[in-house]
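In: My questions concern the predicted model and sequence given below.
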Amino acid sequence: MSEKTPIIMWLRRDLRMSDHPALRAAVETGRPVIPVWILDEVVETHGACPKWRLGLALAHFANVLKDANSRLILRRGKAVDVLRDLVRDTGAGAVYWTRLYDPESVARDTAVKSALKDDNIEARSFAGHVMFEPWTVETKTGGFYKVYTPFWKSVRGDTVGDPVSAPGKIPAPESWPKSDDLDDWQMGAAMQRGGDIVKPFASVGEAAAQGRLGAFISDGIDGYQAARDRPAANGTSKLSENLTYGEISPRTCWHAGMRALHSGKSGAETFLKELVWREFAYHLVYHTPRITTGNWREEWDAFPWNEDERRAEVKAWKQGRTGIEFVDAAQREMYVTGHMHNRARMIVASYLTKHLMCHWRIGQKWFEDCLIDWDPASNAMGWQWSAGSGPDATPYFRVFNPVTQLDKFDRDRAYVDRWIAEGRKNPHDDALAYFDAIPKTWGMTPHDAYPDPVVEVAEGRKRALSAYENRSF
């Protein structure tokens, strides 16, 4: 290939400049690099909030590329067809990308690599979305890990490579291919009026992610182990949002956490364990892709979960009207901010799958639609962990009590008061914002009476345990 033969840099969940091995490798060839992002068959299936947030990430990264003497080319269609068209239009001799591990992405990328090789086009994939690629971590017998703690012990002492520096200017082609207009895609259309409510809570782009990490390491990590369980506290890093879109790399977060650990900050190891929990999710998704759509423990296939999303209690759960304050506050936090506190996620998931006896897939799909930090691996594993049907799951007989959990982690009800307006003389602005974000067809107002529980805590627990005891696991 000549020095002027372009490389197509196919971007996906790696919208950053620093610690981007694929981009760095492309730039180091000295050949022109054409950054491309495709609204393809995988992305088209994304839910409302993730797709909207992705649109913000793309708009931001397009401006970053301009500052680097480059631009972002946008195309829509099946990935393999779009890439072949771009190769033909630009005379590119190679396509580079960062590997992903969920089954839909693996299937797409495998087809793309095969097609490009058939066309005698160089197809190179690189690491970058995780620290430990799934096939590199094995048990002593050569299999994959099914339990988190041994996985953590296996990787915690491994060397994680230093993040690679950002390239300077990106070599540009002599002429640029045509690009779609991002506004024409209407990435936020499904959010309707909710996008304006959620937007102030989004932290978009690499600079924002680096700032978020820096602030957390400086001011938050020392008390992280305790603060992360209190939903009213600003006790978590919130980096899951930026890791989702690749606005920061896990290696960058890991090395910051290790520096904090070596300097004696008490919450650092817990933070590192959370990063490895994300790695474990991708480890499982790669080795057992069924986890994203079906029970990981196949013996749960016969369990009599309700799968009818039209039932009144499911509607109440989605709308934050179950009459259980912890559950309702969490659902409303998610609708206003796109985030949900991790402790709250466990309570929300336990209540749906155990007290309401509903299939975890109902909750998984709801989070797919509503979370700003939706991640295919973490979401699947988290829901199956809560339901009891997944690997290393919470025991089926453990049913979180959302009332005692609230007493323990939100004793003064600061979290509840921030997100629930009904029955309060002076509701918090964020509680009122919920009614501006939700569909008008829900017919809810802050002046409504707060509902009685759709299922009492004790009754729901008793019903769940009875169902579990009558099944064999």
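Out: That came through, no problem. Numbers count the residues shown, from 1 in each chain.
In: Just the helices from the stretch 51-200 of the chain, written as ranges.
Out: All helices of the stretch 51-200 of the chain, identified by DSSP state H, counting those that start in this stretch, fall at 79-90, 103-118, 148-155, 182-185, 194-198.
In: closest one to residue 395 among those helices?
Out: helix 148-155 (14.4 Å; Cβ to Cβ). For every residue, glycine as well, the C-beta is placed using N, CA and C.
In: Could you provide the helices of the stretch 51-200 of the chain in JSON lines, with additional columns for mean pLDDT and distance to residue 221?
Out: Output for these, formatted as JSON lines (pLDDT from 0 to 100; distance: least, Cβ to Cβ, whole Å):
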{"stretch": "helix 79-90", "mean pLDDT": "98", "distance to residue 221": "39"}
{"stretch": "helix 103-118", "mean pLDDT": "98", "distance to residue 221": "31"}
{"stretch": "helix 148-155", "mean pLDDT": "96", "distance to residue 221": "18"}
{"stretch": "helix 182-185", "mean pLDDT": "98", "distance to residue 221": "36"}
{"stretch": "helix 194-198", "mean pLDDT": "96", "distance to residue 221": "26"}
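In: Out of those, indicate the one that is most buried.
Out: helix 194-198 (a mean of 20; mean count of other Cβ atoms under 10 Å).
In: Can I get it in PDB? Just the C-alpha atoms.
Out: C-alpha atoms of helix 194-198 as PDB (Å, rounded to 0.1, in the frame of the first residue of the first chain):
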ATOM      1  CA  GLY A 194     -37.500  14.000  28.600                       C
ATOM      2  CA  GLY A 195     -34.300  14.800  26.800                       C
ATOM      3  CA  ASP A 196     -34.300  18.400  28.100                       C
ATOM      4  CA  ILE A 197     -34.800  17.200  31.700                       C
ATOM      5  CA  VAL A 198     -32.000  14.600  31.600                       C
END
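In: chain center to whatever helix or strand comes next after it, what's the gap?
Out: Scanning forward in sequence from helix 194-198 by DSSP states H and E, the next helix or strand is helix 206-215. In terms of Cα atoms, centre = their mean, to the nearest Å, the centre of helix 206-215 is found 17 Å from the chain centre.
In: now swap in stretch 346-360 and tell me
Out: Using Cα atoms, centre = their mean, the offset of stretch 346-360 from its chain centre is 20 Å.
In: now do the same end-to-end measure for it.
Out: 12 Å (Cα to Cα, to the nearest Å).
In: Run through who's touching it.
Out: Stretch 346-360 is contacted from outside by 304-307, 311, 313-314, 317, 322, 324, 326-327, 330-331, 340, 362-363, 382-384, 386-389, 394, 399-400, 402, 405, 454-455, 457, 460-461, 463-464, 467, using Cβ atoms under 8 Å, 6 or more residues apart in numbering.
In: quick one: low-confidence ranges for the stretch 351-473 of the chain?
Out: Filtered on pLDDT under 70, the stretch 351-473 of the chain yields the residue ranges 393-394, 396, 471-473.
In: can you pull out the helices in it?
Out: Using DSSP H, counting those that start in this stretch, the helices of the stretch 351-473 of the chain run over 360-370, 376-387, 402-409, 414-419, 429-437, 457-469.
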